[in-house]
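[1] Show me how the following folds:
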Amino acid sequence: MLLSDSRLFAAAEGSTFDTLLTNPVDFVVLITVIILGLIFSAFFSGSEVAFFSLDKKVDRETIEEAKKDAALGRVLYMLDKPRQLLATILIGNTFANIITAVGAAVLTGRLVAFIGLPQVVVFAVEIMVLTFAIVILAEITPKLLALNKPMMVSRKLSALLYVFFVLFAPLSRFISFATRFLEKNVPRPTDNISSDDLKTIAEVGELHGSIHGDEREIIENVIEFGNTYVREIMTSRVNISAISTENTLQEVLDLIREKSISRLPLYEQHLDNIIGIIHSKDLLPYINTDLGQTTINWRTLARKALFIPTTKKLDDLLRDFQKEKTHIAIVVDEYGGTEGVITLDDVLEEIIGEITDEYTEPVELFTRKKSGNYIFDAKIDLDDMADILSMDLTTDEDEYETLGGLIYHLLERIPEEGESIEFKGMELTVNEMDNNRLSKVEVKVLDEGNSKDDGEETV
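    Predicted coordinates:
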């Protein structure tokens with residue numbers, strides 16, 4: 001039974017091919033279908049690149065000027081409906097590729113019986129040849145040609161493409177509507193990258209050499225920028241350089257020369273009553289006058305002061321600086337008293353690091369003694385101190401920012417010289433006091449031993 005079935009199948013295949021040989025019209029039709037499919041596939045592929053490569057700002061202005069040209073008019077009309085145009089091109093290209101593949105499959109099936117080769121071999125050859133023809137002849141080549149001269153190709157293909165644009169209008173409009181519906185209703189995947197992920201990427205980039213160490217630091221500073229509060233980097237009240245409404249011109253000029261600063265808060269009676277900002281450049285007209293006899297109403301020279309709370313974040317402060325067109329702000333506490341000042345330079349230093357010029361005196365962050373102990377300025381930021389000691393000293397919940405603030409927090413009173421306290425594996429000894437103000441602190445790392453150096457190290 002099986003033998004008779006196979007004979008019948010072979011006879012049917014043989015008769016089919018015999019028919020093909022005796023009637024070459026079928027063979028020509030199949031070849032023609034394949035060639036036309038490749039041609040139309042190339043047509044739609046080239047149209048896609050040509051139309052969507054046009055510069056909307058330049059080429060469309062040229063099209064507007066050439067309204068008498070019918071080809072350019074068609075191009076402009078179809079470009080005004082990009083979704084429908086793209087749908088038309090994709091429908092036509094897909095249909096052309098399907099026709100090509102079906103024609104090639106039918107032709108291959110009819111050749112299998114005549115050649116006598118296994119079907120797997122013949123179909124494998126067909127797939128390779130058809131793939132090469134579609135990719136090279138119908139995709140890459142027309143797209144490269146269209147990419148070189150998109151305007152010329154668009155004009156030449158516009159007539160035939162416009163026919164398909166009209167014929168496929170119902171289907172292409174439905175596809176456009178469906179895509180808009182999906183865009184609005186289908187949830188999009190959200191791959192949120194955390195700040196820790198960005199830091200890790202920067203560290204990996206530094207290890208691979210794609211970015212430098214200072215670039216990594218800037219990236220990390222930018223990531224932390226929005227989480228940094230004004231109180232963390234402001235100049236505290238005790239270090240504010242300000243002028244009183246009672247100061248003379250000579251006293252103000254001497255202060256400017258001594259501190260080398262261009263903006264000074266102006267207060268009346270006490271520092272909690274700041275009434276404006278004095279710019280040093282506003283004093284230039286008075287320099288050549290008799291300083292002893294010249295009296296100035298500081299209120300008339302003062303510019304508006306910007307007041308901000310200690311809890312303001314740096315990114316918000318930067319926007320305030322831009323909006324108010326100022327470089328300095330007065331930081332106030334919850335009771336409205338002056339807590340400190342902050343400048344634009346302070347904000348920028350949080351991103352790019354310390355900004356100095358030829359007149360800026362180097363600041364001594366710490367001195368290391370021969371015994372291995374450190375002498376720190378009480379004003380040093382705990383984050384900087386942690387970097388120097390390679391220790392973890394701070395948390396996000398801490399209400400203090402400096403070494404002096406830490407000691408005041410631990411003792412809950414004004415310390416005395418020589419007084420010591422232990423904290424996180426360190427012995428903190430008050431080394432120097434200036435009235436009630438903590439000035440220098442000696443730090444001994446308890447688990448490090450008393451390693452000795454040949455000399456003192458100062459940074």
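[2] Now the one helix or strand residue 29 maps to: buried residues?
    Here residue 29 sits within helix 24-52, counting by DSSP states H and E. Judged by neighbour count using 16 or more other CB atoms under 10 Å, the buried positions of helix 24-52 are 26, 30, 33-34, 37-38, 40-52. Quick note: C-beta positions are derived from backbone N, CA and C, even for glycine.
[3] Walk me through the domains of the chain.
    Following automatic domain parsing, the chain resolves into domains at 2-185, 195-225, 230-352, 366-458.
[4] need those domains in TSV with mean pLDDT, can you?
    TSV is the format used below for those (pLDDT from 0 to 100):
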stretch	mean pLDDT
domain 2-185	75
domain 195-225	82
domain 230-352	88
domain 366-458	79
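[5] Next, the residue nearest to residue 416 when sequence neighbours are not counted: phi, psi?
    Spatial nearest neighbour of residue 416, chain neighbours left out: residue 430 (6.6 Å); criterion: CB to CB, 6 or more residues apart in numbering. Note on residue 430: backbone dihedrals following degrees, to the nearest 10 are phi -70, psi 110.
[6] the helices in the stretch 101-250 of the chain, which residues?
    119-132, 141-148, 150-167, 169-185, 195-208, 213-225, 230-233, 249-259 (DSSP state H, counting those that start in this stretch).
[7] quick one, the stretch of helix or strand residue 77 belongs to and helix 24-52 angle?
    For residue 77, the host element (DSSP H and E) is helix 70-79. Helix 70-79 and helix 24-52 are oriented at 80 degrees to each other (axes from the mean of the first three to the mean of the last three CA atoms, to 10 degrees).
[8] What is helix 70-79 packed up against?
    Counting by 3 or more CB pairs under 8 Å, 6 or more residues apart in numbering; DSSP states H and E, the packing neighbours recorded for helix 70-79 are helix 24-52, helix 59-65, helix 82-115, helix 150-167.
[9] Thought residue 205 was touching residue 213, still the case?
    No. Taking CB atoms under 8 Å as the definition, residue 213 is not a contact partner of residue 205, at 10.5 Å.
[10] These two: which is more packed in?
    Legend: neighbour count by other CB atoms under 10 Å for residue 213 and residue 205, higher for residue 205 (15 against 8).
[11] picking up where we left off before, kindly export the helix holding residue 77 (C-alpha atoms) in CSV.
    The C-alpha trace of helix 70-79 is given here as CSV (Å, rounded to 0.1, in the frame of the first residue of the first chain):
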residue,chain,number,x,y,z
ALA,A,70,3.6,67.9,-8.6
ALA,A,71,6.2,65.4,-7.4
LEU,A,72,7.3,67.7,-4.6
GLY,A,73,3.7,68.3,-3.7
ARG,A,74,3.1,64.6,-3.3
VAL,A,75,6.2,64.2,-1.2
LEU,A,76,5.0,67.0,1.1
TYR,A,77,1.5,65.6,1.3
MET,A,78,2.7,62.2,2.4
LEU,A,79,5.3,63.5,4.8
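[12] Could you list the buried residues of that helix?
    Neighbour counts over helix 70-79 (16+ other CB under 10 Å) mark 71-72, 74-76, 78-79 as buried.
[13] Closest one to residue 134 out of these, please.
    residue 78 (24.9 Å; CB to CB).
[14] Tell me which residues touch the closest one, please.
    When contacts are counted by CB atoms under 8 Å, 6 or more residues apart in numbering, residue 78 touches 51, 84-85, 158, 161-162, 165.
[15] Report the two of those residues separated the most.
    The two members of those with the most space between them (CB to CB) are 84 and 158, at 14.7 Å.
[16] More neighbours: which of the two?
    residue 158 (23 against 18).
[17] For residue 166, see how far away the more buried one is.
    Residue 158 sits 12 Å away from residue 166, taking CB to CB, to the nearest Å as the criterion.
[18] Same check on residue 431?
    Remark: distance between residue 431 and residue 166 (CB to CB) = 89 Å.
[19] More neighbours: those two, which one.
    residue 431 (17 against 10).
[20] which non-adjacent residue is nearest the more buried one?
    Nearest non-adjacent residue to residue 431, counting by CB to CB, 6+ apart: residue 440, 4.0 Å away.
[21] Just the buried residues of stretch 129-142, please?
    130, 133-134, 137-139, 142.
[22] Ok, stretch 172-185 next?
    For stretch 172-185, a neighbour-count test (16+ other CB under 10 Å) marks 172, 175-176 as buried.
[23] Outside of it itself, list whatever touches it.
    Under CB under 8 Å, 6+ apart, the answer for stretch 172-185 is 83-84, 87-88, 91, 165.
[24] who wins for most neighbours among those?
    Highest neighbour count within the contacts of stretch 172-185: residue 88, with 28 neighbours (other CB under 10 Å).
[25] any idea how far residue 161 is from that one?
    Residue 88 is 7 Å from residue 161, by CB to CB.
[26] need the contact list for residue 37.
    96-97, 99-101, 103.
[27] thinking again about what came up before, identify, from the contacts of stretch 172-185, the entry nearest to residue 298.
    Nearest member of the contacts of stretch 172-185 to residue 298, counting by CB to CB, is residue 83, at 65.8 Å.
[28] from memory residue 366 sits against residue 378, does it?
    No. The pair residue 366 and residue 378 does not pass the contact test of CB under 8 Å, sitting 11.3 Å apart.
[29] who's more crowded, the two?
    residue 378 (22 against 19).
[30] dump the residue contacts of that one.
    Contacts of residue 378 (CB under 8 Å, 6+ apart): 402-404, 407, 438-441.
[31] What of residue 272?
    Taking CB under 8 Å, 6+ apart, we find residue 272 in contact with 336-338.
[32] burial measure for residue 370, as a count.
    Residue 370: 13 neighbours (other CB under 10 Å).
[33] follow-up on the earlier one: output the contacts of stretch 172-185 in a markdown table; the columns should cover distance to residue 193.
    Compiled in a markdown table, these are given as follows (distance: CB to CB, whole Å):
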| residue | distance to residue 193 |
| --- | --- |
| 83 | 31 |
| 84 | 36 |
| 87 | 34 |
| 88 | 38 |
| 91 | 38 |
| 165 | 42 |
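[34] Out of these, which is nearest to residue 322?
    residue 83 (39.3 Å).
[35] Could you find the closest non-adjacent residue to the closest one?
    Using CB to CB, 6+ apart, the closest residue to residue 83 is residue 176 (4.1 Å).
[36] cool, and residue 69?
    Nearest to residue 69 is residue 155, by CB to CB, 6+ apart, at 7.7 Å.
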